[in-house]
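K.L.:
no sequence for this one, just the structure:
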């Protein structure tokens, strides 16, 4: 293992248990010229800077992508490896979310462009960043744009959705700072950019008034005309990925999976399947037919995935359904995916789901649902 990658495979909980002893910290220093300087050779910032130089991509852009994708963490390949019919099995790998599934193979393209193996791109943080930079550089072509705003179209192509470009540019405009699991303090200064607007259907197209409409492919759910009996449960999921990536996956006929809603870290809510239809989210048909599925942006092993804005937005959504269909606000009717028995395609049996994971704050979430339900 290269020295620059020696911390990237450590489990976040193992790091927290060890207290980060002996790990070198680092920070990103913004200069008057907008440059970002690396302080240590093994730091994450140094890896971003090296990839930016090699492939002539703005380091600020790579940093914004990494933050939006995974909050600057390197998820294990298993986190969202492609699994047919699995809600979280999109086939997105690493901090740069390189994709390999039946419909897209940006991982393979990055391997050819960078000269790095697909296995290394999946597992090594520095390699994954280089692969993402190589792919983005190839997509934008020559000459390179003179400003950050000139990379919008390339970002859309990178993830195959204009929503991704909008989300990354939102990070660029706002800036970001976070202490990651290796103990490094990362910071991206706000940039002077224009956030591209994404046009969606008016809220009237959705069942939930505060949602925007991003319809899943018709092959990813079952047309139905469910009566109020379907509302017996609300199932909480964690996407093991981004808001835009999850929505895009539900739009992809290769997914063979969907949820009714997706909630972002910033509290945005997208509806992908109408209430009356059966989303394929629980891994067990009986539960699918009797539930509403809510996906949440983020990773189960990263507590920073779950923000106050997310909890409040999701709780308002759940409260709205609890009132509309008289769902009881308890842990028998509002459940985690890990409470549903069976694996995708198994038809039942031993539980194999793990989301929403150990960092999902059920106590706060249930309290917020009751709070918002009482005010509807």
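P.N.:
Cool, got the structure. Keep in mind that what you see is a predicted model, and the values were worked out from it rather than measured.

K.L.:
alpha carbons only for contacts and neighbour counts from here, please
P.N.:
Will do.

K.L.:
quick check: buried residues in the helix or strand encompassing residue 168?
P.N.:
Under the assignment given by DSSP states H and E, the secondary-structure element containing residue 168 is helix 162-174. Within helix 162-174, the residues that qualify as buried are 162, 163, 164, 165, 166, 167, 168, 169, 170, 171, 172, 173, counting by 16 or more other C-alpha atoms under 10 Å.

K.L.:
list the residues that contact the last one.
P.N.:
For residue 173, the set of contacting residues under the criterion of C-alpha atoms under 8 Å, 6 or more residues apart in numbering consists of 190, 191, 192, 193, 194, 195.

K.L.:
tell me which of those residues is nearest to residue 53?
P.N.:
Ranking the contacts of residue 173 by separation from residue 53, with C-alpha to C-alpha as the measure, puts residue 191 on top at 18.9 Å.

K.L.:
doesn't residue 174 make contact with the closest one?
P.N.:
Yes: taking contact to mean C-alpha atoms under 8 Å, the distance of 7.3 Å between residue 191 and residue 174 places them in contact.

K.L.:
longest strand in this protein, please.
P.N.:
The strand spanning the most residues in the chain, taking DSSP state E as the definition, is strand 291-296.

K.L.:
residues in contact with that one?
P.N.:
Applying C-alpha under 8 Å, 6+ apart, the external contacts of strand 291-296 come out as 230-239, 243, 259-265, 275, 279, 281-282, 310.

K.L.:
tell me the strands beside it, with direction?
P.N.:
According to DSSP bridges, strand 291-296 has the following sheet partners: strand 233-236 (parallel), strand 261-263 (parallel).

K.L.:
off-centre distance for it?
P.N.:
For strand 291-296, the distance from its own C-alpha centre to the chain's C-alpha centre is 15 Å (C-alpha atoms, centre = their mean, to the nearest Å).

K.L.:
what of stretch 288-298?
P.N.:
When distances are taken as C-alpha atoms, centre = their mean, stretch 288-298 is centred 15 Å away from the chain's centroid.

K.L.:
check the separation of the first and last residues in that stretch.
P.N.:
The distance separating the two terminal residues of stretch 288-298, taken as C-alpha to C-alpha, to the nearest Å, comes to 22 Å.

K.L.:
show me the strands in the stretch 201-350 of the chain, by range?
P.N.:
For the stretch 201-350 of the chain, applying DSSP state E, counting those that start in this stretch gives strands covering 212-213, 221-222, 233-236, 261-263, 269-271, 278-279, 291-296, 334-336.

K.L.:
same check, this time on the stretch 1-150 of the chain
P.N.:
In order along the chain, the stretch 1-150 of the chain carries the following strands (DSSP E, counting those that start in this stretch): 29-30, 36-37, 92-93, 98-101, 104-105.

K.L.:
adjacent strands (with direction) for the longest one?
P.N.:
Spelled out, that is strand 98-101. Under the criterion DSSP bridges, strand 98-101 sits next to strand 92-93 (antiparallel), strand 104-105 (antiparallel) in its sheet.

K.L.:
can you say which of those is packed in most?
P.N.:
Of all the strands paired with strand 98-101, strand 92-93 carries the top mean neighbour count, a mean of 28, counting by mean count of other C-alpha atoms under 10 Å.

K.L.:
shouldn't residue 164 be in contact with residue 153?
P.N.:
No: taking C-alpha under 8 Å as the contact criterion, residue 164 and residue 153 are not neighbours in contact, 10.4 Å apart.

K.L.:
angles on the backbone of the nearest residue to residue 87 once chain neighbours are set aside, please.
P.N.:
Using C-alpha to C-alpha, 6 or more residues apart in numbering and skipping residues adjacent in sequence, the residue nearest residue 87 is residue 257, 5.3 Å away. As for residue 257, its main-chain torsions (degrees, to the nearest 10) stand at phi -160, psi 160.

K.L.:
check contacts around residue 257.
P.N.:
85, 86, 87, 220, 221, 250, 279, 280, 281 are the contacts of residue 257 under C-alpha under 8 Å, 6+ apart.
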